[in-house]
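Engineer: Sequence plus the predicted model coming up.
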Amino acid sequence: MVDLIRIELYKIFKKWRTYIGFIALGILVPLIHIAMLIEGKTTIDFMTRNIQESFVLVGNLLNTYLISYIILTSLAVHIPFLITLVSGDLLAGEATSGTYRLLITRPISRTKLILVKFIAGFIYTNLLILWLAFLSLVLGYFIFGSGELLIIDGQMVIIFESNDVLWRFLLAYGFATLGMTTVSSLAFLFSSLVENAIGPIISTMAIIIVFIILSAIQVDFFQNLKPYLFTTHIMSWRLFFEQPLDINEILKSGFILLGHILFFFFLTLTLFNKKDILT
Amino acid sequence: MIAENKVIEVKNLTKKFNNLVAVDELNLTVFKGDIFGFLGPNGAGKSTTIRMLLTLIKPDSGTIKIFGKDLLKDRLSILRNVGSIVEKPDFYGYLTAYKNLEILGKISGIDVSKKLIMKNLELVGLAERYNSKVKTFSHGMKQRLGIAQALLHDPELIILDEPTTGLDPMGMKEIRDLIIYLSKDLKKTIFLSSHLLNEVEMVANRMIIINKGRAQVEGYVKELLNKNKLFVSIEVEDGQIAFNIIKDSRWIDSMRNHINNTFEFNVEANEIPYLNKFLVENDIMVNSIIPKRSLEEYFLKITQEANNGRFNKN
């Protein structure tokens, strides 16, 4: 099994598309860093304009934590796209290249094949988030240093002490991985249905965008629907930056995402085991 | 032939795609050591049958036994002993020939040493290109690499689906020679699908012709291609009663096909009256006797019909 996962990862990392995500983040995050170096002070002034009359803000607010938080928020829609580039190709890519025939005529069960590819997709997702975490936190630390994390959420102003932030980020990245694995599982499901990787990428992104739009519409019907959409829970990593921590809400979101992952995985497994390979 | 010698045994195999019957109640048997020609015009159902033999697609009904085991129940143990090329040889183009074989060997669960991979590449004449990416290979080279991957785990049975398609005459000859080598020297059983009668004639000892998903004739190549013999289609009133009588007679050796009330015999022209006499004397009501042509002419006819059908559709 380990050998098979290694082979799958080897195949993934031999493809150019795999590096698009890493390169994109490798360009985007430092660009944000540069922008914040130039205009960070203005940004913080703008963010805190409503509270500056009531509070005196001291210390290094423009630090790696604030920038990592901004990056994580702003990349919530973009990272799923980078994830689907690979996950959407895991099965459809074999169909496109005609290599399904090579794989399925080997003495390996379809269930094992799906499991191996799913795990490889999961590892890729983890690595991408890890890369994001490295670029945001570690690279940001060397440029901006650490400090208190200032979060302004509507009327709420939360300030975390610098020694109270890192663990929140680590858990937030872990939770983001869970969210991105949900996206990866959905793209993987679509990937098992078609013979071209473009379809799964577009379909997954379309679903994410539609769900996000529906969640944003302030109509009761859509707001009642919102708790059941996985996109709502993808952003639940933000719960780690609340005071006090709402453990129940975090667990609820986690289980909902996990449920989605398992549902997408087992649906893929069922469909693939019944699938006629005609390519 | 005794049952233990049966490598492939297909019974009443049927596969439909929506309303299209791709394979229709197909029966065939391949014995150990055979080079079995699986012949039919394009669209006859050859690839669908092969895909079912390799579990790429599932039959709607019927059974497939390979090495005496049920394919659906013992899939993994059967596939450990089967090598194949299905239609065109596709590989991971972004990987080298060596790496492709290494990966496929590992997936097959075998210990893939460099020596083993190079031995197989040498066998198909690709040893010098072992480090080249497959996307740089010509169709012929990919076809040869396809054979190398099929042989990698030293299978007993090799299923080749139109392995000479797209090759030049020299390439076709090389593949034919390789097939004969695999059979004669390495004692492999080979299931060779083709739409070229002369190709099958050159390498196979037994063959079946299928058309529109149904078996037309099955037997020994030399016998079937005997130009002195004709194919005779005989329609009787009650096929079952007739079969019970024929199976105990000498005519069973000449019988090539039996579908409902229609029988096909491969006999010499002067034997036809005796066959008719035999049936009538056994109280079998004969509705018609239609002498067909030699197998070559017959195959040409069904191939032309298949092509005409395709052109008409366009």
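Structural biologist: Right, received. Where do you want to start?

Engineer: Low-confidence stretches in the chain?
Structural biologist: No chain specified, so I'll use chain A. For chain A, the stretches with pLDDT under 70 are A:48-60, A:75-76, A:154-155.

Engineer: please go with chain B instead
Structural biologist: Across chain B, residues meeting the criterion (pLDDT under 70) sit at B:1-4, B:226-228, B:292-298, B:301-314.

Engineer: Do you have the helices of it handy? List them.
Structural biologist: According to DSSP state H, chain B carries its helices in the segments B:46-53, B:75-79, B:97-107, B:114-123, B:139-151, B:169-184, B:197-203, B:221-224, B:239-246, B:272-281, B:295-313.

Engineer: Using the three-state scheme, assign the residue in the stretch 101-250 of chain A that chain B sits nearest to.
Structural biologist: Nearest to chain B, among the residues of the stretch 101-250 of chain A, is A:Pro107, at 4.1 Å (Cβ to the nearest Cβ). Where C-beta positions appear, they are placed from N, C-alpha and C, glycine not excepted. Three-state assignment for A:Pro107 (DSSP: H, G, I helix; E, B strand; the rest coil): coil.

Engineer: Write out the residues of the stretch 101-250 of chain A neighbouring chain B.
Structural biologist: Counting by Cβ under 8 Å from any Cβ of the partner chain, the stretch 101-250 of chain A comes close to chain B at A:101-109.

Engineer: Recalculate using a threshold of 10 Å.
Structural biologist: By Cβ under 10 Å from any Cβ of the partner chain, the residues of the stretch 101-250 of chain A that approach chain B are A:101-110, A:112-113, A:116.

Engineer: What's the local residue count around the spatially closest residue to B:Asp238 that is not a sequence neighbour?
Structural biologist: Distance criterion Cβ to Cβ, 6 or more residues apart in numbering or on different chains; nearest residue to B:Asp238, sequence neighbours excluded, is B:Asn261 at 6.9 Å. Neighbours of B:Asn261 under the rule other Cβ atoms under 10 Å in any protein chain shown: 17.

Engineer: so what's B:Asn261 up against?
Structural biologist: Applying Cβ atoms under 10 Å, 6 or more residues apart in numbering or on different chains to B:Asn261 gives the contacts B:234-243, B:285, B:287.

Engineer: Using neighbour counts, trim the residues you listed to the buried set.
Structural biologist: Among those, those buried by neighbour count (16 or more other Cβ atoms under 10 Å in any protein chain shown) are B:234-236, B:239, B:242-243.

Engineer: circling back to that earlier point, with B:Lys106 as the reference, measure out to the residue of the stretch 101-250 of chain A closest to chain B.
Structural biologist: Per Cβ to Cβ, to the nearest Å, A:Pro107 is found 12 Å from B:Lys106.

Engineer: With B:Arg250 instead?
Structural biologist: As judged by Cβ to Cβ, B:Arg250 and B:Lys106 stand 54 Å apart.

Engineer: Ok, A:Gly98 next?
Structural biologist: 20 Å.

Engineer: Could you give the number of residues near residue 170?
Structural biologist: Just going to use chain A. When neighbours are defined as other Cβ under 10 Å, A:Leu170 has 13 of them.

Engineer: look at chain B instead
Structural biologist: Counted with other Cβ under 10 Å, B:Met170 comes out at 9.

Engineer: residues in contact with it?
Structural biologist: Counting by Cβ under 10 Å, 6+ apart, the residues that B:Met170 touches are B:Gly140.

Engineer: For chain A, what's the nearest residue on chain B?
Structural biologist: Using Cβ to the nearest Cβ, B:Asp90 is the residue of chain B that sits closest to chain A, at 2.9 Å.

Engineer: quick revisit: so between B:Arg250 and B:Lys106, which is more surrounded?
Structural biologist: In this view B:Arg250 and B:Lys106 are compared by other Cβ under 10 Å, and B:Lys106 has more residues nearby, 16 against 8.

Engineer: show me the contacts for the more buried one.
Structural biologist: B:Lys106 is in contact with A:3-4, A:6-7, A:106, B:112, counting by Cβ under 10 Å, 6+ apart.

Engineer: ok so, going back, separation between the residue nearest to B:Asp238 and A:Leu225?
Structural biologist: Note on B:Asn261: its distance to A:Leu225, by Cβ to Cβ, is 63 Å.

Engineer: Show me the strands in chain A, by range?
Structural biologist: With DSSP state E as the criterion, chain A has strands at A:149-153, A:156-160.

Engineer: I'd like those strands as CSV, with mean neighbour count appended.
Structural biologist: Below are these laid out as CSV (neighbours: other Cβ atoms under 10 Å in any protein chain shown):
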stretch, mean neighbour count
strand A:149-153, 17
strand A:156-160, 14
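
Engineer: Format those strands as CSV; extra columns: distance to A:Leu186.
Structural biologist: CSV is the format used below for the strands of chain A (distance: least, Cβ to Cβ, whole Å):
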stretch, distance to A:Leu186
strand A:149-153, 28
strand A:156-160, 32
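
Engineer: Among these, which comes closest to A:Ser185?
Structural biologist: With Cβ to Cβ as the measure, strand A:149-153 is the member of these nearest A:Ser185 (29.4 Å).
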